[in-house]
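Chemist: quick one: sequence and predicted model below, then my questions.
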Amino acid sequence: MRVLFYVDTGGSTGGPGMHSVRIWRALAERCPEIVGPLVIPRDREDRKIFAAQIGHENVREIGAAALVDASADPVVVRRTFFAELCALARREGCDHIHVLWGFLHPEQIEAVPPRDRLPVTITLCDATARGEDDDVDAMYFGSDRWERYLREALRVPAGYLAISDKTRADALAKDVPPALVDTVHLWVDPALAKMRSEEHESYVAYVGAIAEYKGVGHILDFSLLYPEYAVRMSGYPSGDFPVEWSRYPSVEYLGYLPYAEVVRLVARARALLFLSYSEGFGLPMIEAQTLGVPLVVNPRNPMVRELLAPGSYVSAGNVASPTSIKTAIAVATRDRDALVAAGLANAARFDEARQVDRLLGALHHHHARLRGEGWGSPS
């Protein structure tokens, strides 16, 4: 088995792009003989970001994304996409395709004769945003058109690797057979522990997309009411959540930062504010704990329950209340030593070696299954 990796988007957002690089690099270090290049749609910014992390020689462009129009109703797919991906894989000497972020639609599979279909596995960063609160669904992917697309796409009998139990449950709720979807939690880069800081400054940090569902609005409201708290934020803005940064003098918006700089930003912080309502995984929470930084979270985020042990974080309670956020920061400051110790113990559960072994096992299992069974028509 030699694997061609594809990521549909995310180099510039930090989320799926960071997950993709983490998975590609860990496999390349562990078993380079099975790792082919990382393929992206033709996007100058994404190529620059990915190439800076894994080298230009390991990045390819396919020239088009899987979707023609993700905003249409119904979502419009590029019918020839899987055929193009299979052709590129063969040119690169690969006999397996792993989609690190994105989906394949039955129309795209059916456009390729069964004998020409390569085995496919798909990392489910977000199978869906449904199943949480109505207001969270409204902020996130939870539109009817996207929900219909996902239900159609998940009919493809690929092998699915969910990065959380919640995401696996979302896939099962869309009738993916249990045998086709495994949970393989993400992991923390072992090098991260060496980047802990002995010195901590008074600012609180936020890293991630500048988006409504990430709770960024609550952090901005907090900064207006309590300007004595310095806030440093890093991440790409989203078009549907514009921010006039000059209105928030106590907030230092740093834009997109390379990963190493994001780590330094978090490592020196008084606390990491992670007030997101919803996550595909929520890796910054585990990374902050590995770096020995207290974590203030939104208790409504379901990944808090899945990823964090009790006592290893501070709940912000009512995140819409700036006073509640202020109180949580005070607790994080007061109980720093205990929170850091509990956080380090919690983060140890996300050991890279163990999770990569699970990933490799799932890849080999689904590769053998799809080669043995062949690709029939999606159900």
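Modeler: Structure received.
Chemist: next structured bit after the worst-scoring helix or strand of the chain on mean pLDDT?
Modeler: Sorting the helices and strands of the chain by mean pLDDT, DSSP states H and E puts helix 134-139 at the bottom, at a mean of 62. Going down the chain from helix 134-139, the next helix or strand is helix 144-153, by DSSP states H and E.
Chemist: ok, and the closest non-adjacent residue to W245?
Modeler: If the residues on either side of it in the chain are set aside, W245 comes closest to Y253, at 4.9 Å by CB to CB, 6 or more residues apart in numbering. Where C-beta positions appear, they are placed from N, C-alpha and C, glycine not excepted.
Chemist: where's A345 relative to L180, distance?
Modeler: A345 sits 34 Å away from L180, going by CB to CB, to the nearest Å.
Chemist: higher neighbour count, these two?
Modeler: In this view A345 and L180 are compared by other CB atoms under 10 Å, and L180 has more residues nearby, 18 against 13.
Chemist: what bridges to the nearest residue to the more buried one once chain neighbours are set aside?
Modeler: Nearest residue to L180, sequence neighbours excluded (CB to CB, 6+ apart): Y160, at 5.6 Å. Beta-bridge partners for Y160, by DSSP bridges, are I122, V181.
Chemist: I'd assumed V181 was in contact with Y160.
Modeler: Yes. The pair Y160 / V181 is scored as a contact, 4.0 Å apart, by CB atoms under 8 Å.
Chemist: and for these two, which residues touch both?
Modeler: By CB atoms under 8 Å, 6 or more residues apart in numbering, Y160 and V181 have these common neighbours: 124, 171.
Chemist: looking only at neighbour counts, state which of those two leads.
Modeler: A direct count of neighbours by other CB under 10 Å for Y160 and V181 places Y160 higher, at 27 against 23.
Chemist: quick one on the thing from earlier: for the residue nearest to W245, give me phi and psi.
Modeler: Per-residue torsions, Y253: phi -90, psi 120 (degrees, to the nearest 10).
Chemist: same question, V76
Modeler: phi -100, psi 130.
Chemist: contacts for stretch 312-327?
Modeler: Counting by CB under 8 Å, 6+ apart, residues outside stretch 312-327 touching it are 215, 218-219, 221-222, 224-226, 229, 271, 273, 275, 285, 289, 294-300, 304, 328, 331-332, 335, 339, 342-343, 345-346.
Chemist: please compute how far it lies from its chain's middle.
Modeler: Chain-centre distance of stretch 312-327: 24 Å, with CA atoms, centre = their mean, to the nearest Å.
Chemist: do stretch 359-376 as well
Modeler: Its chain's C-alpha centre lies 24 Å from the corresponding centre of stretch 359-376 when counted by CA atoms, centre = their mean.
Chemist: and T183, what pLDDT?
Modeler: Predicted confidence (pLDDT) for T183: 93.
Chemist: correct me if wrong: it contacts K166.
Modeler: No. Proximity of T183 to K166 does not meet the contact threshold set by CB under 8 Å, at 9.3 Å.
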